[in-house]
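K.L.:
My questions concern the predicted model and sequence given below.
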Amino acid sequence: MKLQEIALLLQNETGAKIRVSEPMCNHTSFHIGGPADVLVVPDNTEDVRNTLRISREHRIPLTVLGNGSNVLVRDKGIRGIVLKMGNALKHWEQHDDRFTFESGVSLAQCCRIIGEAGYTGMEFAVGIPGSLGGAVYMNAGAYDGEMKNTVVSVLTMTRSGDLKTLTSEELQFGYRHSAFQEADDIVLQVTMDLSKGDKSEILAKMDDFSQRRISKQPLELPSAGSTFKRPEGHFAGALIEQAGLKGFRIGGAEVSVKHAGFIVNADHATAADVLQLIEHIQNCIQTKFHVYMKPEVLVLGEE
Ligand SMILES: Cc1cc2nc3c(=O)[nH]c(=O)nc-3n(C[C@H](O)[C@H](O)[C@H](O)COP(=O)(O)OP(=O)(O)OC[C@H]3O[C@@H](n4cnc5c(N)ncnc54)[C@H](O)[C@@H]3O)c2cc1C
C-alpha cells in the first residue's frame, strides 16, 4: 500500500492529525531521526482504536511514541505508522487523593497540577521530560522517586482495540522497567494515589529538583537524558568520566562535558554517530572496568 493511500485511509476513518514522511528529528529530544512514513496524532481514544485497526487490517507496522525524550530514531526513519501519544490525549480529573490523567499529558504538567493542588509524591518527576505514558512505560525516576511509588492502575488498549485495566502488581515495575516493555499495549490513562501535603514545601522541593538539573545536566544541548542504565554497584557517568571519555566525539555526537552520563547532539549528529559512540563507550568500559553498559535510550527505526 502506498504512503498516500495509508494517509488517506487514516484521514477518512479518524479525526487524527496525519503527516506523511514526517522527519522524526522534529519529534525527538535528540533532534535526530529520519522520516516516519506516516505520523498520526490522535485526538481521542477512538482515533487510537481506528489507527490500530487500520494498521492490523493492512498489515502496516505501528510504532508508539510518547514525547520522544528517551529514544534514538535511526537515520532511515521509521517504516509504517508512528502513533504519537505525547501531547495527544490530555484530560485529567481528581477525586480526593486519587488523580487520573490521560497519557499524553506531559510529566512536568502532571507534577505541577498535583503540586498546585497541595498533594505530595510526584515532586521527583517535575524535571523529567516526556509524557506520562512514556514515564509509565519506562518507570521513570529521579532523586529516589519513581513512577512505581504513585501509580495504582493504568487503562490500556491492546493492539486489537480492547480496553484493559492493569493493577500496580500487573504493571511489574522495576528499575526503568514496566510490563509494557514485554507487551505492546498502549497506555491511555494513568491513575495515581497521592497524599495531602504542604503546598509551599512541595513547590519549593520541585524548584530545588529543577535547579539541580539545570546545574548538573547539559540541558542546553539536545539529548535523550542518561544514555545508559545504572550498572549494578556503579554510576554510568562516573565510569565514563574515569575512562577519560568526557568530551569524546564521533561526528556530531559527544559525551557531554557537563555530565558524562549524557550523549549530546553537539553538532548535527546523525543516529549513526550516536550508535558508534555508544559502542565505543561500551567497549572502553568493558575493557577498563569489565562492566557491561546497557543502554537506557531505546533505538527505533529501520537499520
Ligand atoms: C534532559 C533529559 C533528562 C532526563 N532525565 C530523566 C530522569 O531523570 N529520569 C528518567 O527516568 N528519565 C529521564 N529522561 C528520559 C525520558 O525523559 C524518560 O524516559 C521519559 O519518561 C520518556 O517519556 P516520553 O514520553 O518521551 O517517551 P518516548 O521517549 O517517546 O518513548 C519511550 C518508550 O515509551 C513508549 N511509550 C511512550 N508513550 C507510550 C504510551 N502512551 N503507550 C505505550 N507506550 C508508550 C514508547 O513506545 C517507547 O518505547 C531524561 C531525558 C532527557 C532528554
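P.N.:
Nice, I can see it. Residues are numbered from 1 along each chain as shown.

K.L.:
For Arg213, see how far away Arg71 is.
P.N.:
I think there's a mix-up here, since residue 71 is Val and not Arg. As judged by CB to CB, to the nearest Å, Val71 and Arg213 stand 20 Å apart. Backbone N, C-alpha and C define where each C-beta goes, glycine included.

K.L.:
ok, the two, which is more surrounded?
P.N.:
Set Val71 next to Arg213 and count neighbours by other CB atoms under 10 Å: Val71 wins out with 24 against 15.

K.L.:
Tell me which residues touch that one, please.
P.N.:
28, 30, 65, 224, 297-300 (CB atoms under 8 Å, 6 or more residues apart in numbering).

K.L.:
Neighbours of Leu163, how many?
P.N.:
Counted by other CB under 10 Å, the residues lying close to Leu163 total 13.

K.L.:
tell me the phi and psi of the nearest residue in space to it that is not next to it in sequence?
P.N.:
With CB to CB, 6 or more residues apart in numbering as the criterion, Leu163 has its nearest non-adjacent residue at 5.9 Å, and that residue is Met157. Met157 adopts backbone torsions of phi -120, psi 130, taken as degrees, to the nearest 10.

K.L.:
How confident was the prediction at Met157?
P.N.:
On pLDDT, Met157 comes in at 98.

K.L.:
do Gln4 as well
P.N.:
Per the predicted model, pLDDT is 89 at Gln4.

K.L.:
Tell me, how many residues neighbour it?
P.N.:
As a burial measure, Gln4 scores 10 neighbours (other CB under 10 Å).

K.L.:
So it versus His290, what's the distance?
P.N.:
From Gln4 to His290 the distance is 52 Å (CB to CB).

K.L.:
now do Gln94
P.N.:
Between Gln94 and His290 the distance is 50 Å, computed by CB to CB.

K.L.:
who has more neighbours, those two?
P.N.:
Neighbours per residue, other CB under 10 Å: of Gln94 and His290, the larger number sits with Gln94, 14 against 7.

K.L.:
is it true that the more buried one lies in a strand?
P.N.:
Yes. Residue state for Gln94 (DSSP: H, G, I helix; E, B strand; the rest coil) corresponds to a strand.

K.L.:
Could you count how many residues lie near the closest residue to it other than its chain neighbours?
P.N.:
Excluding the flanking residues, the one nearest Gln94 by CB to CB, 6+ apart is Ala117, at 6.5 Å. Number of residues near Ala117 (other CB under 10 Å) recorded here: 14.

K.L.:
Then Leu298?
P.N.:
Leu298 - counted by other CB under 10 Å - has 14 other residues nearby.

K.L.:
and Ile281, what is it in contact with?
P.N.:
Counting by CB under 8 Å, 6+ apart, Ile281 makes contact with 227-228, 240, 243, 245, 255, 293.

K.L.:
part of a strand, is it?
P.N.:
No. With three-state DSSP as the criterion, Ile281 is helix rather than part of a strand.

K.L.:
first vs last residue of stretch 286-297, how far apart are they?
P.N.:
Start-to-end span of stretch 286-297 (CA to CA, to the nearest Å) is 19 Å.

K.L.:
need the residues of the stretch 101-250 of the chain near the ligand, please.
P.N.:
103, 128-131, 133-135, 137-138, 140-142, 180, 186-187, 217, 219, 223-225 (CB under 6 Å from any ligand atom).

K.L.:
how close does Gly80 get to the ligand?
P.N.:
Here Gly80 is placed at a distance of 13 Å from the ligand (CB to the nearest ligand atom, to the nearest Å).

K.L.:
cool, and Glu123?
P.N.:
13 Å.

K.L.:
Same check on Gly261?
P.N.:
10 Å.

K.L.:
go on, Asp43?
P.N.:
Taking CB to the nearest ligand atom, one finds Asp43 at 15 Å from the ligand.
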